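A.B. asks: turn this into a model:
(2 chains)
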Amino acid sequence: MRLRTDDDIYRARLVYLGPPGYTLPVHLPYAQYGLFMLLVPLYMFIHWLLTLQVELFPAWEISLAIVTTSFIFRYVDPDRPARMVIRTALTDWRRTREPAAELRDPRLVASRIRIREELA
Amino acid sequence: MSRSSTPGSPAGRPAGPHGNRARSFDYPQDEEADEVVLDPALATSPGHGRVGVFQPPRPATPRASGPEQRVPTAGDSPDIDSPFLDLFGGAQPGTRRPAARPAGPPAPVEPTPVIAPPRRGVGRDALPIPHQHAAPAESRPASHEVEPPAARRRESGTGVRPVGRTREAAEVTRGPSPAVEPPALDPAPAGRPRVPQQPGDRLPVLRPTAEPEPADPEPPLERPARHGGRRADETARPEPREVATAPTRELAPPRQRSAQRSGRPIKPVRPPKIKFGDRDPAVELAITEIAGHLTFTPNTVTAWYWLPEVRWAFRPDAEREALLSAISEQYAGLAGFRLHLRRTTRPFPADEWARTVDAHTASPLPDVPGTPGWADHLVAAQRHLMAVNHAEGQTYLGVTFARRSLGDSLAERLLRTFGRGTADGERRRLGRTVEQFDEVLGAFGMRGRRVTAQELEWLLYRSVALCMAPPGVLSPVTDGRWERGDLLALTEQVERYRTPYGSTVKLVNRMTGEERHVAVLAVGRMEPLEIPERHEPWLHFHERLPWPMELSTRVDILGPGDSFRNLEHRLRMIRSQQLDYAEHGIDAPPELERLAKRALVIGDEMTTGLPVDSARAHGWHRIAVGGRTREECLERARRLIQLYSRELRISLQHPKNQDWLAREFIPGEPIANTGYVRRMPVNLLAAALPQAASTVGDRRGDLIGRTAGTCRRPVFLDLHFPMEVRERSGLAVFVAEPGGGKSTLLGALGYLAARRGVQVTLLDPSGPLARLCAMPELAPYSRVLNLTGSDQGTLAPYALIPTPLRSEFSTGSAGDREFEIAVSNARAERRMLVQDICMMLVPPQVAREASTATLFRHAVRQVPAEEKSTLDDVVACLQGLDDDTGRELANLLLDTAEMPLAMLFFGRPPEGLLGADAALTVITMAGLRLPDLKIEREYWSAEESLALPMLHTAHRLAVRRCYGGSMSSRKLVGLDEAHFMEGWRSGRSFLVRLARDSRKWNLAALVASQNPKDILGLDVQNLVSTVFVGRIAEDSEIASEALRLLRVPVDDGYEATLASLSQADSGSAARLGFREFVMRDVDGRVQKVRVDVSYVDGLLEHLDTTPAAVAQAAGQLPTLADLEA
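C.D. replies: Modelled structure (predicted):
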């Protein structure tokens, strides 16, 4: 039997071409715009925390969000969604190379599990 | 905790001396330095996770003078890998055990099933195996009675077994193989003279050790098992310490020293105080309860099933497809549920096997002084098994099936506080629900059965301690006495370390100090696979690699509705993207159209096809690879990735966040991340088939090698298993081209059987097997019979067929009748054989004439067909005829009789030619020139044509010997060059009779031939129980005949498999060190097998038939002439 996955259908690259009537010069995936739109308010909030005022045109925030988005999407592929890249980045943000020191994870302990031989 | 005693930052500290550091540096140390000694009770796995070695009881070693002393000391047995060795400062001889150890012989509290009780009584006594924990030697698993070792040893003077298993003390002392009797066993190597010691002078040495004697060099190692008793809460508190703490211990209060060992400069050690208030971060698993085969987490319930192994190799494709489609239907039947498919491994229980072999060996060959005895032989085999690292797979399937209601969760939480767990009502309700899964999974295909709570515990332990050695005592399951919950308690000992962006997770078992690095790989992009035809099952494939791996697959099974909706959504997105492109006036990438079309086709299949076609499995597939070091682990991961990408075109990915991924293997834990989700039809999931296996052979015979196909399993073969258990014939057939290893395998099987006390007769016309008789352990019990130099009448055809005895048949008239039939059958067979022999003796031109056959038949009819008749009678009868042709025939026969070899056929056989006494008899015909059967008989030389009747009669002679002893005793006959039997009536009747008699006489008959056609032509393949087919590359016709013999489908591409057996690497100049066969066992399982008997010391050297090796061995190995003497 010839067996194949359905993955390629899910691997189709869906990009935003621009509003009707105007084609953007760069075509980026929809997800990238989504992330960008989440990041801008986040940076604005951080900016507000620091300065306690809101800019009318958040130029810095937008540029930072663009940079961050492109950094994140450098690691994104159909098998590795942005969610996972961000999470890995958040848990392991300290270094980019493998450090010598190890972090101790909590032990996973099963000893409090209750055991019955029979179901009922 | 204050860490004052360990100054400096972790980085500033010197690294631990060994890799198996018990703890990492940032682990808090205990303050009390003098309590560092670990509690023996804590080392729950004395063998440090290894499987034990079973050693049959054997004579006492006089050297070992007491149970304490027999224990290996840390210093002189370097192969003990214990993290605790460091504790005692490199095992100083003066190191002492804790002073507070109770005096007197310690009661073994925890029995370890590793060493068998001296079943055969006094004759054999258990010796500790070096690398395993020695203390079990003194504890007896079955009974808690403790015999004072001294008493046991004294008894050993009186041998119970007359066979000679009681070895002389002196023989044991010499230590035949250093691997088996390690120096560690010797408590005082320097002072003791290496002379045999009498029991008398042994005793004084013994007695003092019964008390805790101060000077007694007490190895630290033995203690774990002595204390044995696992205290439930204390188990969790091991204090394995690093060397760094040792100096601190010296500062212990001196009162300890004075208390018992006055004035000795020895570190006093208090019994470890168990305090384990450790604030280590620990989280509990999501699972809160195991009930029967269900596991409960706060929100879900999972029903677990055990999937038995299925045979995959050498099955017809139709069968495989039927299996796969049955499994995919089962998966489709589980639509709507989330599945967790887990495969873990269990190390092969070598000791269990050895115990079985020993139990089935009533009287092994008596040990010869100075050679490895039966016990050593078994130990060597077990070591070999462990070194090769065979692991048996275990596949579990969990069906997560219920979102529990809020009431259930609350009730459980409430009841848990009272220690009651889930409510009865909920469990009863679930019990009814899960019956539907039994129905779906129990059918043909997966044939799953419910797991037991113990198996779930095992799975949980193996998942938490991913890729780590399993707790030693459990793996030989026979009587690993794990109480409920013990295994789960052991999970507390497993520490986890991770590095940011690390590619492995480090797991440390702080009880044994074992350190493992685990890399979890995710199944990435997959190309189309053709599963039964071209590719192996894709989750079985990893078993090609020689180390055990773990699998975890989490999939959601989507039914037709869900999967169609999912797909349609995707299709709409693609279409809208295409529209977008059109709107913007840009060319859409062509892949969009292609993908949209494919989505349409799949959607069509889904809506119109069966539920099996439409069900989809969306999920994550992971493989965990472990290694002792990070480098090893990554190297293994690299090889695995390479293997998958080359052979299956599956790209395995090595993602970050390894700690999460490793956690995903644990049942009930959340999915690590959403990367690498694979969406596939259930057919493809079914074709993953992680439960595929390739076992072959029985589990009670000798170790002959391992399977070499898609996974590695040890292969055991007991040639008497078909007769004794399966009630089948004992005919085994070996087919291979010359050089395929037939003779070597035959010899090896003969050797192994002889070791087990089977009466072995090997017929080897060309003679190299005669060297087996020179092996020191066999030499006193073996004998070589060279037919070319034998007396007249040795091969007298009439005497070769035994007359049945009345006692072989049942009493009564029915028995009488059977007996008469058997007697007349024997007569008829004799006549047939004599006619055939006469035909072979006369020139072929004469034999072809019709009158010759008539005359021979006439003459043979005249001569009474009894054992005492001779060929001379036939000649006389022919001479007495008043027919010229008859007299001419008689003269022709007499002519041949002039040749020295032909003299064997004439006259009466000498008395006592083949006594039943020798355990191994090798019949050879050195110097005989075997003709080429492809050449017409007319062109054979006189000598060559004589070889034909000689081989025929020699085969009969070899078998004749087996009819001497008792019917039920085990016998083995190995017949090489059986292809000379083809084309003769008596040849077929011989094989048929052999197959038929093999059951009655408990006779294993091995027949080796170059051409399977001989066996097929004789039409006895239905009587054949075991088949070995070696390399057949030259002739595709022979290959398909061989496949027919194996009952493997012909023209399915398996001919290529036969041709690729034992294939030498053309790049290497070295000789091929192994031979491969395709083996079919009595149960019809077929598998590629790599024969490996290298664990028997010297066997391969003696069996080597290649010219170079023979020439090289000429100096050391005896020649045939020596052997005959």
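A.B. asks: what count of nearby residues applies to B:Arg420?
C.D. replies: Residues lying near B:Arg420 (other C-beta atoms under 10 Å in any protein chain shown) number 13. Using the backbone N, CA and C atoms, a C-beta is placed for each residue, glycine as well.
A.B. asks: local confidence estimate at it?
C.D. replies: Note for B:Arg420: predicted pLDDT of 78.
A.B. asks: got the contact list for it?
C.D. replies: Remark: with contacts taken as C-beta atoms under 8 Å, 6 or more residues apart in numbering or on different chains, B:Arg420 is in contact with nothing.
A.B. asks: for it, give its distance to B:Pro949.
C.D. replies: Separation of B:Arg420 from B:Pro949 (C-beta to C-beta, to the nearest Å): 84 Å.
A.B. asks: all helices for the stretch 751-900 of chain B, in order.
C.D. replies: In the stretch 751-900 of chain B, the helices defined using DSSP state H, counting those that start in this stretch lie at B:813-841, B:844-847, B:850-862, B:871-879, B:884-897.
A.B. asks: do chain A as well
C.D. replies: Using DSSP state H, the helices of chain A run over A:7-10, A:30-51, A:59-74, A:82-91.
A.B. asks: which strand residues bridge the residue nearest in space to the middle of chain B?
C.D. replies: Compute the mean C-alpha point of chain B, and by C-alpha atoms, centre = their mean the closest residue is B:Pro714, 2.7 Å away. Bridge pairing for B:Pro714 (DSSP bridges) gives the partners B:Arg706.
A.B. asks: I'd say it and B:Phe348 touch.
C.D. replies: Yes: at 6.0 Å, B:Pro714 counts as touching B:Phe348 under the criterion of C-beta atoms under 8 Å.
A.B. asks: so what sits against both of these two?
C.D. replies: Common neighbours of B:Pro714 and B:Phe348 (C-beta under 8 Å, 6+ apart) are B:Leu385, B:His390.
A.B. asks: ok, back up a step: to chain A, which of the helices of the stretch 751-900 of chain B lies closest?
C.D. replies: In terms of C-beta to the nearest C-beta, the element of these nearest to chain A is helix B:813-841, at 52.6 Å.
A.B. asks: would you indicate which residues of stretch B:289-306 are buried?
C.D. replies: Using 16 or more other C-beta atoms under 10 Å in any protein chain shown as the test for burial, stretch B:289-306 gives B:289-297, B:300-306.
A.B. asks: got it, and stretch B:1073-1081?
C.D. replies: B:Arg1075, B:Glu1076, B:Phe1077, B:Val1078, B:Met1079, B:Arg1080, B:Asp1081.
A.B. asks: and the second one, how far is that from chain A?
C.D. replies: The reference is to B:Glu1076. Per C-beta to the nearest C-beta, to the nearest Å, B:Glu1076 is found 29 Å from chain A.
A.B. asks: phi, psi for that residue please.
C.D. replies: phi -110, psi 150 (degrees, to the nearest 10).
A.B. asks: ok, the third one next?
C.D. replies: Recorded main-chain torsions at B:Phe1077 are phi -140, psi 160, according to degrees, to the nearest 10.
A.B. asks: so what's it up against?
C.D. replies: Applying C-beta under 8 Å, 6+ apart, the residues near B:Phe1077 are B:Phe734, B:Ala736, B:Gly740, B:Gly741, B:Leu745, B:Phe1028, B:Val1029, B:Gly1030, B:Leu1061, B:Lys1088, B:Val1089, B:Val1091.
A.B. asks: lowest-confidence one in these?
C.D. replies: Confidence by pLDDT is poorest for B:Gly740 among the contacts of B:Phe1077, given 80.
A.B. asks: ok, for it, nearest residue in space, not its chain neighbours?
C.D. replies: Excluding its sequence neighbours, the residue lying closest to B:Gly740 (C-beta to C-beta, 6 or more residues apart in numbering or on different chains) is B:Gly1030, at 3.1 Å.
A.B. asks: these two touch, right, the one you found and B:Ala736?
C.D. replies: Yes: B:Gly1030 is within contact range of B:Ala736, at 2.6 Å (criterion: C-beta under 8 Å).
A.B. asks: any shared contact partners between these two?
C.D. replies: Taking C-beta under 8 Å, 6+ apart as the contact rule, B:Gly1030 and B:Ala736 both touch B:Lys742, B:Phe1077.
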